[in-house]
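Peer 1: Just to be clear, the model below is a prediction. Sequence and coordinates:
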Amino acid sequence: MKPAAFDYYRPETLDEVLSLLDEFGYDAKILAGGQSLIPMMNMRLARPPVLIDINGVPGMTGIEVGDSEIVIGGLTRHYMVEHSAEIRDSCPMLAEGIKLIGHSQIRSRGTIGGSIVHADPTAELPVMLTALGGKVTVVSSEDERELTPEELFLTYMTTTIEPNEIVKSVHFPVIAERTGHAIEEFTLRSGDFAIIIAAASVTLDEEGLIESATLCIGGVDGVPVKLDDVTDELIGQAPSDELFAESCAPIVDMVEPEKDIHASVEYRKDLCVALSRRVLKKAADEAKLV
Amino acid sequence: MTEKTAESSRLKTITLKVNQKEYTVDVEPRMLLSDVLRDELRLTGTHVGCEHGVCGACTIMMDGRPVRSCLVFGVQADQADIVTVEGLESQDGELHPLQNGFWEKHGLQCGFCTPGMLMTACHLLEHNPDPSREEIREAISGNLCRCTGYQGIVDAVEYAAKEMRERAE
Ligand SMILES: Cc1cc2nc3c(=O)[nH]c(=O)nc-3n(C[C@H](O)[C@@H](O)[C@H](O)COP(=O)(O)OP(=O)(O)OC[C@H]3O[C@@H](n4cnc5c(N)ncnc54)[C@H](O)[C@@H]3O)c2cc1C
Ligand code: FES
Ligand code: FES
């Protein structure tokens, strides 16, 4: 048996989960899909004394698409989002990005809340949440609060969620009119974590000029990095290859990735520029179609 | 909450259905489903390679979805419906078209990755009876094979897809 021994609880209501979290505090870990936690336990990088399995808690799974907001239960599994026609229409980036998470066997169990709390800066969901300006709703036995990505992500694998709190739901805005989304990443093999990942949203005005845009990069820092300086420059301009090439060139000096065995700093910077250009262009092209 | 001191008090009784047969076993919560299948139920067709979700050798079907059995605790499979590679052949011992395909098209050499490949391919063909080679490659991208170079595996899945389509007609 690979993991260290632990006590296992499988509460059946959210209230029970919250009172167990109050009781065990830092000793407890929530077990959702287990696709990040169990590998760490198998390698004994994590040895939590208590696991609180939330898979039996009702009301934490599901997708609700409203007029302006999509609410996804924290325990909703990746494959459910992947196969939701409503998500494809209301938030194309989410539909596309979620398919890039691991492999189908991982998406069978991994959950949207788990991905966000795990907070790997090269993971797709934190980058998409930041690019789109989503939010998470976090509850404890005493309180309920909403966190923006900027308030949520602290650094590598670290969030501001307290040990007595749980992510109840994750919120994304419904795509606005004349808006396009795009997400792309570079990986060594299909399904691996990205080396660099870029996501963009572009809104055009009625004349076809850029009204607003966001761009977010993962893999260059401990949290997803939003490049507002790049997108602010785009406002009022007509989308074109030249515009995106020109405005993305300075990204080499804006990002500070680290090197590892897979890629040098220079290579990563090149990837940031290339992927940014590509997602902005793709998002603008999509926006023209709608 | 009850006091938990002795190791034995950690044992949980679970009931699970594997390949249509019901089993009840006592397991420690930290026992992985892959180990429950192999060590407790003696269904050693499910292989264990990396035990952290990367190689795909331990892939099984759990409640109709392909799942890494090394990334699920046995206790979580209580009441689940599981199919392992042993469940692929029919009751009267006839091989599944995928198993035939791997045989005919040299889809294996050492065979270590094969159970996971079969379960993954099985899920693919259930949802996409006529996949392109590209779609087959994408579907098996989470299953590592050290021997074949994948050519034979892709051929085998194509072969099985064709056979299954013909049977369905
Ligand atoms: C081979 C492989 C490849 C992968 N590739 C990718 C990839 O490309 N991209 C990617 O993003 N991920 C990837 N992953 C990681 C995994 O898929 C993430 O999806 C991860 O989904 C975590 O979700 P989970 O539900 O499995 O979380 P768990 O592993 O159950 O939990 C992760 C952490 O979040 C906490 N937690 C879980 N749910 C909640 C909640 N509701 N509230 C508060 N805390 C909570 C847990 O306590 C734990 O600390 C990969 C994993 C494997 C094994
Ligand atoms: S043993 Fe489970 S994925 Fe490798
Ligand atoms: S046949 Fe040997 S690992 Fe695939």
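Peer 2: Sure thing, it's come through. Residues are numbered from 1 along each chain as shown, chains lettered A, B, ... in the order given. Ligands and ions are numbered 1, 2, ... in the order given.

Peer 1: need the residues of the stretch 101-250 of chain A near chain B, please.
Peer 2: Residues of the stretch 101-250 of chain A lying close to chain B by CB under 8 Å from any CB of the partner chain are A:102-106, A:108-109, A:189-191. Using the backbone N, CA and C atoms, a C-beta is placed for each residue, glycine as well.

Peer 1: Give me the buried subset of these.
Peer 2: A:102-106, A:108-109, A:191 (16 or more other CB atoms under 10 Å in any protein chain shown).

Peer 1: Among the residues you listed, which one sits closest to ligand 1?
Peer 2: Nearest to ligand 1 among these is residue A:102, at 3.2 Å by CB to the nearest ligand atom.

Peer 1: Contacts only, for that closest one.
Peer 2: With contacts taken as CB atoms under 8 Å, 6 or more residues apart in numbering or on different chains, residue A:102 has the following neighbours: A:35, A:110, A:191, B:53, B:142.

Peer 1: how about 7 Å then?
Peer 2: Contacts for residue A:102 (CB atoms under 7 Å, 6 or more residues apart in numbering or on different chains) come out as A:110, A:191, B:142.

Peer 1: Quick one, grab the pLDDT at residue A:191.
Peer 2: For residue A:191, the pLDDT comes out at 84.

Peer 1: Look up how far residue A:43 lies from it.
Peer 2: 19 Å (CB to CB, to the nearest Å).

Peer 1: again, but for residue A:276
Peer 2: Note on residue A:276: its distance to residue A:43, by CB to CB, is 34 Å.

Peer 1: Tell me how chain B divides into domains.
Peer 2: B:12-87, B:97-168 (the TED database).

Peer 1: In JSON lines: those domains, plus mean neighbour count.
Peer 2: As requested, these are exported to JSON lines (neighbours: other CB atoms under 10 Å in any protein chain shown):
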{"stretch": "domain B:12-87", "mean neighbour count": "20"}
{"stretch": "domain B:97-168", "mean neighbour count": "19"}
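
Peer 1: follow-up on the earlier one: what is the nearest of the buried ones among the residues of the stretch 101-250 of chain A next to chain B to residue A:4?
Peer 2: Within these, the smallest distance to residue A:4 is 21.4 Å, found for residue A:109 (CB to CB).

Peer 1: Check chain B for its longest helix and report it.
Peer 2: Looking across chain B with DSSP state H, the single longest helix is helix B:151-168.

Peer 1: With chain A instead?
Peer 2: Max-length helix for chain A by DSSP H is helix A:265-289.

Peer 1: Report the buried residues of that one.
Peer 2: Using 16+ other CB under 10 Å as the test for burial, helix A:265-289 gives A:268-269, A:271-284, A:286-287.

Peer 1: likewise stretch A:83-101?
Peer 2: Across stretch A:83-101, burial judged by 16+ other CB under 10 Å covers A:84, A:87, A:90-101.

Peer 1: could the residues you listed go into TSV alongside pLDDT and secondary structure?
Peer 2: Compiled in TSV, the buried residues of stretch A:83-101 are given as follows (pLDDT from 0 to 100; DSSP: H, G, I helix; E, B strand; the rest coil):
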residue	pLDDT	secondary structure
A:84	98	coil
A:87	98	helix
A:90	98	helix
A:91	98	coil
A:92	97	helix
A:93	98	helix
A:94	98	helix
A:95	97	helix
A:96	97	helix
A:97	98	helix
A:98	98	helix
A:99	96	coil
A:100	96	coil
A:101	97	coil
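
Peer 1: What distance do you get for the spatially most central residue of chain B to residue B:72?
Peer 2: With distances taken as CA atoms, centre = their mean, residue B:60 lies nearest the centre of chain B, 2.5 Å away. Taking CB to CB as the measure, residue B:60 falls 9 Å from residue B:72.

Peer 1: Using just helix, strand and coil, how would you label residue A:247?
Peer 2: Three-state assignment for residue A:247 (DSSP: H, G, I helix; E, B strand; the rest coil): helix.

Peer 1: Got phi/psi on the closest residue to it other than its chain neighbours?
Peer 2: For residue A:247, ignoring the flanking residues on the chain, the nearest one in space by CB to CB, 6 or more residues apart in numbering or on different chains is residue A:233 at 5.1 Å. As for residue A:233, its main-chain torsions (degrees, to the nearest 10) stand at phi -60, psi -20.

Peer 1: Report the separation between residue A:233 and residue A:251.
Peer 2: Using CB to CB, we find residue A:233 at a distance of 12 Å from residue A:251.

Peer 1: When the two are compared, which one has more neighbours?
Peer 2: Using other CB atoms under 10 Å in any protein chain shown as the criterion, residue A:233 and residue A:251 rank with residue A:251 on top: 24 against 16.
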